[in-house]
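In: Let's see this in three dimensions:
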Amino acid sequence: MQSVGELVRTRRQARGMTLAALARAAGVTKSYLSMIENQRVANPPSRQVLAALEEALGMEEGELRCVAAWQSAPLPVRAQLEHLAEQARRAQEFARWLRASTSRRAGGGKNLDKLYRTGQLRKRLQEMIGEAEEAERDDPPVMPLMPAVRSRVPLINKVAAGYPSGFT
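Out: Numbers count the residues shown, from 1 in each chain. Have a look, this model is predicted:
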């Protein structure tokens, strides 16, 4: 994903604007805008500056703010989201393949029997698992969505306060 500065520069050049013209239109100094474009500012610009840049560049409202939010998100969070997006993309691709490769049953469901018998289903699943394992080796470590359970906590079957009530 492009950074705020890269996106601003790309849009400015696509509109044929000079740095000075965009700075005037957005109400910022030319030097500050240059620093934004060259990614020499520590944090993304304020919401007001981003809104002014969006308006001056004819962008959708919130487009730069969304990029700025992504840019300022912690690296482990961005890695986790990118990992999940890749998993979702692979799952959607697999679902499209299943829809295209299966026939309808009389009851309306899909018939996977032919794919299973020919071994195509197993082959495709093994390819997906292999791609996922390879991607996990190449990517930085990803935080687990839920921490591992480290100990067991006994549950009591009665509530101590109020009226006793059983639960599972």
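
In: Quick check: next helix or strand after the least confident helix or strand in the chain by mean pLDDT?
Out: Sorting the helices and strands of the chain by mean pLDDT, DSSP states H and E puts strand 110-111 at the bottom, at a mean of 70. Following strand 110-111 in sequence order, the next helix or strand is helix 113-118 (DSSP states H and E).

In: Quick one: residues in contact with that next one.
Out: 98, 101-103, 121-122 (CB atoms under 8 Å, 6 or more residues apart in numbering). Where C-beta positions appear, they are placed from N, C-alpha and C, glycine not excepted.

In: Out of these, give me the two with the largest separation.
Out: Ser103 and Arg122 (18.6 Å; CB to CB).

In: Next, count neighbours for Arg124.
Out: For Arg124, the neighbour count with other CB atoms under 10 Å is 16.

In: what's the lengthiest helix in the chain packed up against?
Out: Ranked by residue count under DSSP state H, the longest helix found in the chain is helix 75-101. The contact analysis (3 or more CB pairs under 8 Å, 6 or more residues apart in numbering; DSSP states H and E) places helix 75-101 against helix 120-138.

In: Could you export the helix it packs on as PDB, CA atoms only?
Out: Extracted in PDB, the C-alpha atoms of helix 120-138 (Å, rounded to 0.1, in the frame of the first residue of the first chain):
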ATOM      1  CA  GLN A 120      -8.500 -33.300  -7.600                       C
ATOM      2  CA  LEU A 121      -9.900 -32.100  -4.300                       C
ATOM      3  CA  ARG A 122      -7.000 -33.600  -2.300                       C
ATOM      4  CA  LYS A 123      -4.500 -32.200  -4.800                       C
ATOM      5  CA  ARG A 124      -6.000 -28.700  -4.600                       C
ATOM      6  CA  LEU A 125      -6.200 -28.700  -0.800                       C
ATOM      7  CA  GLN A 126      -2.500 -29.900  -0.600                       C
ATOM      8  CA  GLU A 127      -1.500 -27.000  -2.900                       C
ATOM      9  CA  MET A 128      -3.400 -24.500  -0.700                       C
ATOM     10  CA  ILE A 129      -1.800 -25.900   2.400                       C
ATOM     11  CA  GLY A 130       1.700 -25.800   0.800                       C
ATOM     12  CA  GLU A 131       1.200 -22.200  -0.300                       C
ATOM     13  CA  ALA A 132       0.000 -21.200   3.100                       C
ATOM     14  CA  GLU A 133       3.000 -22.900   4.800                       C
ATOM     15  CA  GLU A 134       5.400 -21.300   2.300                       C
ATOM     16  CA  ALA A 135       3.900 -17.800   2.900                       C
ATOM     17  CA  GLU A 136       4.100 -18.300   6.700                       C
ATOM     18  CA  ARG A 137       7.800 -19.100   6.300                       C
ATOM     19  CA  ASP A 138       8.400 -15.900   4.200                       C
END
